[in-house]
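**Student:** mind looking at a prediction? Sequence and model below.
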There are 2 protein chains.
Amino acid sequence: MKISEGVEWGIHCVTVLALVPPPTALPAGRLAEYHGVPPAYLAKHLQALSRAGIVESVAGPKGGYRLARPAREITMLEVVVAIDGSEPAFRCTEIRRRGPSAVGPEGYPLPCGIARAMWAAEDAWRAELAKRTIADLVMGIAVDADPVAVEKAVTWFGEVMR
Amino acid sequence: MKISEGVEWGIHCVTVLALVPPPTALPAGRLAEYHGVPPAYLAKHLQALSRAGIVESVAGPKGGYRLARPAREITMLEVVVAIDGSEPAFRCTEIRRRGPSAVGPEGYPLPCGIARAMWAAEDAWRAELAKRTIADLVMGIAVDADPVAVEKAVTWFGEVMR
DNA sequence: GTCCCTATACTCGGATAGCAAGTGTCCGAGTATAGGCGG
DNA sequence: CCGCCTATACTCGGACACTTGCTATCCGAGTATAGGGAC
């Protein structure tokens, strides 16, 4: 099991966008430059965030991406699901219905107990991610980040928006 | 994100092995036949379970696999980790250290807040799986399974062990 | 009848191909901007 | 000097190759068994 690298990029980008004062928009190319990742591939994930209604795109010069809602109303789970998909990680293939002990569809009114347990674990995972909002992440950065790094980021942002 | 199909097979196999009275062992080929899956591929996962000390292998005729410990002492998490690996699903690539705001290694004493949140969610997932033992799954089957299916399984087992 | 020996056949174990999904990239459609022109 | 128009350049959006890891398979090494023979 592994989570797409795009999820990490997406969360970082949304966090950065939360720091951009509306109605300013930040282009995908600038976000890629800031994070040191391939611009074209990052664009792919930003499109997914746009489709999910987490960010909104502005076309033309001075365009780019900006948050579609306040950071306080965007959970980490929403971002993860937007990029990684909403399908459960565990997919029950119903192997209990195969082999010598199979008895026809009516013999299995409930989902497999193994699948239920795996899905319960995934629910716990989602619940934990649903607790945290992008605003929480921004506050965490404000507390943890190195002051010099923050200053450099602000300087960069000023130059980009010139 | 998706979980290897082998995880599903592995848990089913361990559950079946929990129903085999020791010291009897069940060969990989019979387990594959019972579940309707490719024998060679299932063998690969059973080897992983063996390496993890969850099942133990018995060589030669009348050999096969059997549980290395009582089902009550084997958690679902152990089985999942044995097959899927223990590495976290979310891997932080430290993209915060790249780009125009980077400040050198000493500026990042703590792990990235995003990674911490993702890992906390994974911990919740693991905790949920660690709660359930194979014995719990066996009890669940005893309650849920169709009586006819159980009888067919018992009949099959009797023929195989003849 | 009992014990030992040997040949057998069955088991696991790791090394080897094939395929799907994620990774990475590109170019085309659309649009707000900025400059120039006319009034 | 002000307003309108047009050409521009920048943006997003979806369609196209490539690589990693899961899927699937095979054959070789090791061993407990079962049968036969000797005692």
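**Tutor:** Received it, and whenever you're ready, just let me know what you need. Numbers count the residues shown, from 1 in each chain, chains lettered A, B, ... in the order given.

**Student:** only C-alpha atoms from now on, for both contacts and neighbour counts.
**Tutor:** OK.

**Student:** residue ranges of the helices in chain A, please?
**Tutor:** For chain A, helices defined by DSSP state H occupy the ranges A:5-17, A:28-35, A:39-51, A:76-84, A:113-131, A:134-144, A:147-160.

**Student:** quick one: residue A:135 and DNA strand D, what's the gap?
**Tutor:** Distance of residue A:135 to DNA strand D, computed by CA to the nearest atom of the strand, to the nearest Å: 22 Å.

**Student:** to clarify, my last question referred to residue A:120.
**Tutor:** Residue A:120 sits 20 Å away from DNA strand D, going by CA to the nearest atom of the strand.

**Student:** what residues are up against residue A:123?
**Tutor:** residue B:125 (CA atoms under 8 Å, 6 or more residues apart in numbering or on different chains).

**Student:** looking at it now. What's its pLDDT?
**Tutor:** The model reports residue A:123 with a pLDDT of 97.

**Student:** ok, back up a step: so which of the helices of chain A is the most packed in?
**Tutor:** helix A:76-84 (a mean of 22; mean count of other CA atoms under 10 Å in any protein chain shown).

**Student:** is there any residue in it that contacts DNA strand D?
**Tutor:** No. Under the criterion of CA under 7 Å from any atom of the strand, helix A:76-84 makes no contact with DNA strand D; the nearest approach is 12.6 Å.

**Student:** work out the gap between that helix and the centre of the chain.
**Tutor:** 4 Å (CA atoms, centre = their mean, to the nearest Å).

**Student:** who's in contact with it?
**Tutor:** A:3-4, A:6-7, A:10-11, A:45, A:48-49, A:52, A:54, A:126, A:129-134, B:1.

**Student:** what angle do that helix and helix A:113-131 make?
**Tutor:** 120 degrees (axes from the mean of the first three to the mean of the last three CA atoms, to 10 degrees).

**Student:** hang on, the earlier thing: could the helices of chain A go into CSV alongside distance to residue B:151?
**Tutor:** Listed next are the helices of chain A as CSV, based on distance: least, CA to CA, whole Å:
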stretch, distance to residue B:151
helix A:5-17, 47
helix A:28-35, 60
helix A:39-51, 50
helix A:76-84, 42
helix A:113-131, 19
helix A:134-144, 54
helix A:147-160, 67
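
**Student:** give me the angle between the helix or strand of chain A with the lowest mean pLDDT and helix A:28-35.
**Tutor:** Sorted by mean pLDDT, DSSP states H and E, the helices and strands of chain A end with helix A:147-160, the least confident at a mean of 91. If you take the same axes, to 10 degrees, helix A:147-160 sits at 160 degrees to helix A:28-35.

**Student:** how about helix A:147-160 and DNA strand C, touching?
**Tutor:** No. Figure legend: helix A:147-160 not in contact with DNA strand C (CA under 7 Å from any atom of the strand); closest approach 13.4 Å.
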